[in-house]
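# predicted structure and sequence below. I'll ask about it afterward.
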Amino acid sequence: MPYLPTSVPGPKIDDVNAPFWEHCRAQRLTFQQCAGCSHLIHPPLPVCPRCQSVERQWREAPYTALVFSFVWVHTAAHDSVVAALPYNVVLVEFPALAGVRLVSNVVNVSPGQLAIGDRLTLLWEEGDGGQWLPRFRKEAPT
Amino acid sequence: MAAAPARARACIAGIGQTEYRRWGGFSDRNEFQLACEAIASAARDAGLRLDQIDGLSCFADTSIDASLMQLALGIPELKVSASVWGGRGGGPCGALSLAASAVESGQARHVAVFRSLCQGQSRRYGKFYPQRMHSDMVGPYGLFSAAQGLAMVAQRYRHDYGFTDAQLAAIPLMFRANAQRNPRAVTYGRPLTLEKYLASKWVVDPFRVYDCCLETDGACAMIVTTRERARDLPRKPVEIIAALQGSDADWGTGAMGSHNMPGDSYTSGGQRQLAKRLFETAQLTPADIDVMQVYDHFSAMLYMTLEDFGFCARGEAPAYVEAGHAAWPDGNTPINTHGGSLSEAYVHGLNHVLEGVRQLRGESTCQVAGARTCLVTGGSVISPSSAAILGV
């Protein structure tokens, strides 16, 4: 069972975010990197904010991350998550890849077991329409 | 705008509003009709006929069509049709700024600034909204609403600087107490206690329900003109000393979407550059501000605004509020004397500008004695934002 039901609406794909989500379908977490100046950009953007290049490449993310912040959702803002309450949403950062943060979930913790700075490992779970979603497991859960 | 000659400086000559009701409270009138009612009320307050209005200024991507509004109000010639581009609740003082520019440059004589919002007739802002920018990067993980996104910022702030439940509670309790003196407030007659706050349901930790803005329906408006013309009108003119838009570097969709603001600004409101420029333009400092109306979408965001605008140093806002510095009537600089979005109504913060006008006219239900200056801020943690300093 995935951390959140597969009825949670998946991402709307457009020409800017398509490579990110295509890579996820192959269970590869990647971030947009400017082909001109190597600036890392997330979420994907059509133009590099540093050099205005429109040439994009994609850089693999590390498998380990740290909790930068998190919330526990107690009131559902969509019917699909009612049965999952309370659930966490986490903002992670990558010590080996400065400059990007990713929103996700930590699948193996209950309220009270998540803290800023916790070490996480990347895993993959299936979401809406078979879209693979990057999620995380807390290392050595308390 | 500081360069405009004194007689051409923009003033607020009148304010008006509809009744504010709880979400879904209007079934007899729609958002458009409420907007017309609020503008007519503001024009009456200013001693003007509707056909003397020649400019309209709004924000937050209003659903209202300008051509129909001109038609409905009987405006013989619409010279300025302005709207803040993006930023939603960041924009109330931006709409004021556009109106001020229009009258100071002579493009229009009397500009109506308005906001009408009936979530009960459209969509609830606290729910899943796939059209929001970058919702593709947060929605699949169950991060659907502004409350959830901004709670992420509040959580990090709590980690970095610390605040207790009781410290956070001080914000909604303070605003609710102010609203108990304000019959316009939808929470009028419904006081809040710490016990009730602590027993209330969690929306998204660290926000309980009382930490979140109200869901209300209603409209409000004001008339902006030059000081020269305002002098001939019945109401005491309230001068727009400075009104500016702005947002900090590399903010993007911020905590409403990307969460990739630069590291040192993640726990700010994204208003530091705006605040600096606002005080420079007004040639004032925080110590010169007598009262302020702060955009309070969520309680903890007050901390970021107090710090961005220089009322306290980074991380000191929880203690500042706890010490009563923001409370009416005894605080240094009372905040949200109408009750704010937490306790008066949620009209994307334009009601905060109206309260600023009431303070400077001496008409607030929580009047700050002798108030000469009022800072009003638009939504924080969203871009572009805006802020204004009003004065008499």
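Arrived safely. Numbers count the residues shown, from 1 in each chain, chains lettered A, B, ... in the order given.
# right, is the helix or strand bottoming out on mean pLDDT in chain B up against chain A?
Using mean pLDDT, DSSP states H and E, the weakest-scoring helix or strand in chain B turns out to be helix B:135-138, at a mean of 94. Yes. Using CB under 8 Å from any CB of the partner chain, a contact is recorded between helix B:135-138 and chain A, made by B:Ser135, B:Asp136, B:Met137, B:Val138. Every C-beta, even on glycine, is put in place using the N, C-alpha and C of the backbone.
# mind checking pLDDT for B:Met1?
Per-residue pLDDT puts B:Met1 at 42.
# swap in the one 10 residues further on?
B:Cys11 carries a pLDDT value of 98.
# name the SS class of it, please.
Taking DSSP: H, G, I helix; E, B strand; the rest coil as the rule, one finds B:Cys11 in the strand state.
# from the contact counts, what lies against the least confident helix or strand of chain B?
Here helix B:135-138 touches strand A:97-104, going by 3 or more CB pairs under 8 Å, 6 or more residues apart in numbering or on different chains; DSSP states H and E.
# quick one: buried residues of the strand it packs on?
Neighbour counts over strand A:97-104 (16 or more other CB atoms under 10 Å in any protein chain shown) mark A:Leu97, A:Val100, A:Arg101, A:Leu102, A:Val103, A:Ser104 as buried.
# and the next helix or strand past the lengthiest strand in chain A?
Criterion DSSP state E: the longest strand present in chain A is strand A:64-73. The element immediately downstream of strand A:64-73 (helix or strand, assigned by DSSP states H and E) is strand A:87-94.
# sheet-wise, list the partners of that following strand with their directions.
Note on strand A:87-94: by DSSP bridges, its sheet partners are strand A:64-73 (antiparallel), strand A:97-104 (antiparallel).
# of those, which is nearest A:Asp128?
A:Asp128 sits nearest to strand A:97-104 of all those, at 15.2 Å, using CB to CB.
# and whichever helix or strand comes after the closest one, average pLDDT?
Where DSSP H and E defines the elements, the next helix or strand beyond strand A:97-104 is strand A:119-126. For strand A:119-126, mean pLDDT is 98.
# contacting residues around residue 30?
No chain in the question, so chain A it is. Contacts for A:Thr30 (CB atoms under 8 Å, 6 or more residues apart in numbering or on different chains) come out as A:Pro19, A:Phe20, A:His23, A:Trp58, A:Arg59, A:Glu60, A:Ala61.
# oops, I was thinking of chain B
Going by CB under 8 Å, 6+ apart, B:Asn30 touches B:Cys118, B:Gln121.
# distance of it relative to chain A?
B:Asn30 sits 25 Å away from chain A, going by CB to the nearest CB, to the nearest Å.
# give the helix, strand or coil label for B:Ala82.
B:Ala82 - assigned by three-state DSSP - is strand.
# bridged to it, which residues?
Bridge pairing for B:Ala82 - DSSP bridges - gives B:Ser57.
# how far away is it from chain A?
For B:Ala82, the distance to chain A - CB to the nearest CB - is 27 Å.
# wait, that residue touches B:Thr62, no?
No. Contact criterion CB atoms under 8 Å: B:Ala82 and B:Thr62 do not qualify, at 11.3 Å.
# list the contacts of A:Pro111.
A:Pro111 sits in contact with A:Trp72, A:Pro86, A:Asn88, B:Asp205, where contact means CB under 8 Å, 6+ apart.
# wait, which of the residues you listed is closest to B:Arg184?
B:Asp205 (31.8 Å).
# skipping its backbone neighbours, what lies nearest the closest one in space?
Spatial nearest neighbour of B:Asp205, excluding adjacent residues (CB to CB, 6 or more residues apart in numbering or on different chains): A:Trp72 at 4.4 Å.
# mind listing what the longest strand along chain B pairs with, with the direction of each?
Counting residues, the longest strand found in chain B (DSSP E) is strand B:216-226. Strands that pair with strand B:216-226, judged by DSSP bridges, come out as strand B:10-17 (antiparallel), strand B:21-22 (antiparallel), strand B:111-118 (antiparallel).
# nearest approach to B:Ala287 belongs to which of those?
B:Ala287 lies closest to strand B:10-17 among these, at 23.9 Å (CB to CB).
# and B:Arg49, its phi and psi?
phi -80, psi 150 (degrees, to the nearest 10).
# what do you get for the one 4 residues further on?
Geometry field for B:Ile53 lists phi and psi as phi -70, psi 130, criterion degrees, to the nearest 10.
# that one and B:Ile223 touch, don't they?
Yes. B:Ile53 is within contact range of B:Ile223, at 7.2 Å (criterion: CB under 8 Å).
# how near is the nearest residue to A:Leu40 once chain neighbours are set aside to B:Phe279?
Nearest-residue entry for A:Leu40: A:Gly99, 4.6 Å, with adjacent residues in sequence omitted and distances by CB to CB, 6+ apart. Using CB to CB, to the nearest Å, A:Gly99 is found at 31 Å from B:Phe279.
# what does A:Cys51 give?
In this view, A:Cys51 and B:Phe279 are 34 Å apart by CB to CB.
# ok, now B:Cys93?
Plainly put, B:Cys93 is 14 Å away from B:Phe279 if you go by CB to CB.
# which one's more surrounded, the two?
More crowded of B:Cys93 and B:Phe279, by other CB atoms under 10 Å in any protein chain shown: B:Cys93, with 37 against 20.
# which SS class is the residue lying farthest from the centre of chain A?
Within chain A, the residue lying farthest from the chain centre (CA atoms, centre = their mean) is A:Cys51, at 25.7 Å. In three-state terms, and counting by three-state DSSP, A:Cys51 is coil.
# one step back: so which of the strands paired with strand A:87-94 is nearest B:Cys213?
Nearest to B:Cys213 among the strands paired with strand A:87-94 is strand A:64-73; the distance by CB to CB comes to 17.3 Å.
# tell me the helices in chain B, going along the chain?
Here chain B has its helices, by DSSP state H, at B:31-46, B:66-73, B:92-104, B:135-138, B:146-161, B:165-179, B:194-199, B:227-230, B:272-282, B:301-308, B:317-322, B:340-343, B:350-361.
# please identify the buried residues of stretch B:84-95?
Across stretch B:84-95, burial judged by 16+ other CB under 10 Å covers B:Val84, B:Gly86, B:Gly87, B:Arg88, B:Gly89, B:Gly90, B:Gly91, B:Pro92, B:Cys93, B:Gly94, B:Ala95.
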